[in-house]
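Trainee: Below are the sequence and a predicted model; questions follow.
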Amino acid sequence: MTETTPTNTAPTTTTDLGAVTWHPTVVKLRELFFDVLSFDLGRFTALGDGASLLCWRSKDGSIAWARLDLFAKPTRENPRRLVLRVVINKGPVDDVANVARRRGLLVERELWRSPSWALEAFVTLDELLGSAPFLASLVRAHKENDASIVIAPPFKTMLASGDPLTWDVVASEAAWAAIEPHFPDRSDRA
């Protein structure tokens, strides 16, 4: 899993990781993360094929979803650079609708709408499972329009200042240290 790409190049996204994305260990990791997130959401959820995404029907009837992507992989110069991106309600929606229909969250021909908010969270592998309750609390806070529901993150965060209902990106300090050179315009500290 080590490559010789210098660390000052752009982060490697899921599309560049090829077969690693569908490696059985990575699929199992996504399943485990989505199990914890689903439990903490307290909602009936549907898991996409290969644990590609998790979707659920929000209180307002919209279909919400989360994806877990490998964002940056380790390099020879920086072997601890594995960064994961949790995306909530952002990105391609066709497969979300298909999963929601196949799993009974959405009736055939029923029109659906996505939630009006989205979030990207960047964490390291060690922080992934611990981040699920925190991210679920953000989902619940948006559902109830109540920022007081958000629990404290289990790690120091970057980019998360002010009202949690306004956040669009949050990153752990460790994940941010690995990817920050590629996002020079976003350096607010919480």
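Mentor: Right, received. Where do you want to start?

Trainee: What strands flank the longest strand along the chain, and is each parallel or antiparallel?
Mentor: Ranked by number of residues, the top strand in the chain under DSSP state E is strand 63-72. Counting by DSSP bridges, the strands paired with strand 63-72 are strand 54-57 (antiparallel), strand 83-88 (antiparallel).

Trainee: Now render the ones you listed as TSV, adding mean neighbour count and mean pLDDT.
Mentor: Yep, even glycine has a C-beta here, placed from its N, CA and C like the rest. Shown next, in TSV, are these (neighbours: other C-beta atoms under 10 Å; pLDDT from 0 to 100):
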stretch	mean neighbour count	mean pLDDT
strand 54-57	23	90
strand 83-88	22	91
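
Trainee: possible to save those strands as CSV with distance to G104?
Mentor: Below are these laid out as CSV (distance: least, C-beta to C-beta, whole Å):
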stretch, distance to G104
strand 54-57, 10
strand 83-88, 21
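
Trainee: Quick one: closest of the ones you listed to W112.
Mentor: strand 54-57 (9.0 Å; C-beta to C-beta).

Trainee: as a whole number, average confidence for the longest strand of the chain?
Mentor: Taken as a whole, strand 63-72 has an average pLDDT of 87.

Trainee: Just the CA atoms of it, as CSV, please.
Mentor: Extracted C-alpha coordinates of strand 63-72, given in CSV (Å, rounded to 0.1, in the frame of the first residue of the first chain):
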residue,chain,number,x,y,z
ILE,A,63,-33.6,10.5,1.7
ALA,A,64,-30.3,11.2,3.4
TRP,A,65,-27.1,9.3,2.8
ALA,A,66,-23.5,8.9,3.8
ARG,A,67,-20.5,7.6,1.9
LEU,A,68,-17.1,6.6,3.2
ASP,A,69,-14.2,7.1,0.8
LEU,A,70,-10.5,6.7,1.0
PHE,A,71,-9.2,10.2,0.4
ALA,A,72,-5.4,10.1,0.7
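
Trainee: which parts of it are buried?
Mentor: Across strand 63-72, burial judged by 16 or more other C-beta atoms under 10 Å covers 63-72.
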